[in-house]
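>>> here is my input, please return the structure:
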Amino acid sequence: MALEDDIAKIAEQEKALVFDRFDLTTAWDLGSLLRHMAVERGLGVAIDVRLHSMPAFHAALPGTSADNEGWVRRKRNLVLRFFQSSYAIGRKLAQLEATVEEKYGLSFADYAAHGGSFPINVAGVGCIGAVTVSGLPQREDHNLVVEALARMLGKDISILRLD
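Numbering: from 1, shown residues only. Okay, here's the model as predicted:
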């Protein structure tokens, strides 16, 4: 898929995957769903659901390491800074042939423009947090999060999923 197509599809995902309400119970349900999906598929991922500075769910499955926590933190930082998915920002930067450091002056040590973190948006409110996965290639991290959000929100993943 071309960069332009990815960027357009991710914008569609961000528009469609919006909650009417989101609280700590919803955060736990989302994290638990992601964990169940990962265990069922034998995926070694770290999963994080955070309401801005408040951790709501975190799990590290077999096959992960401390590096995955670093990636979670850096991807999440990007989402909470720009209120867009980390993969969307990464794709836009790839289109510009720029890095997060060159374009925004943000340290690679603190921000990662790689797929796997997605804004938790609430209708009428906006971004209240982020859901993040790390451990797979970035496109697969992104798709796993989108699939879980689509399931929770009753959206058709076949329409929203990146090919």
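
>>> just the strands from the chain, written as ranges.
18-19, 46-51, 54-60, 117-122, 126-134 (DSSP state E).

>>> of all the ones you listed, which lies closest to residue 7?
strand 117-122 (14.7 Å; C-beta to C-beta). (C-beta placed from N, C-alpha, C; glycine too.)

>>> any idea what the closest residue to residue 54 other than its chain neighbours is bridged to?
Nearest residue to residue 54, sequence neighbours excluded (C-beta to C-beta, 6 or more residues apart in numbering): residue 129, at 7.9 Å. Note on residue 129: beta-bridge partners by DSSP bridges are residue 120.

>>> touching, residue 129 and residue 49? I think so.
Yes: at 7.0 Å, residue 129 and residue 49 qualify as touching, with contact defined as C-beta atoms under 8 Å.

>>> how about the contacts made by residue 88?
By C-beta atoms under 8 Å, 6 or more residues apart in numbering, the contact list for residue 88 reads 7, 10, 11, 14.

>>> could I get the contacting residues of the residue of the chain most remote from its centre?
Relative to the centre of the chain, and counting by C-alpha atoms, centre = their mean, the farthest-placed residue is residue 102 at 22.4 Å. With contacts defined as C-beta under 8 Å, 6+ apart, residue 102 has no neighbours.

>>> distance of residue 152 from residue 35?
According to C-beta to C-beta, to the nearest Å, residue 152 stands 13 Å off from residue 35.

>>> tell me the spacing between residue 60 and residue 98.
Note on residue 60: its distance to residue 98, by C-beta to C-beta, is 32 Å.

>>> run a quick neighbour tally on residue 82.
Residue 82: 19 surrounding residues under other C-beta atoms under 10 Å.

>>> touching, it and residue 90? I think so.
No: applying C-beta under 8 Å, one finds residue 82 not in contact with residue 90, separated by 11.2 Å.

>>> in contact with the spatially closest residue to residue 64 that is not a sequence neighbour, which residues?
Among residues not flanking residue 64 along the chain, residue 46 sits closest, at 4.8 Å (C-beta to C-beta, 6+ apart). Listed by C-beta under 8 Å, 6+ apart, the contact set of residue 46 reads 58, 59, 60, 61, 64, 68, 69, 71, 72, 133, 134, 135.

>>> wait, the fourth one sits on residue 42?
No: contact criterion C-beta under 8 Å: residue 61 and residue 42 do not qualify, at 9.2 Å.
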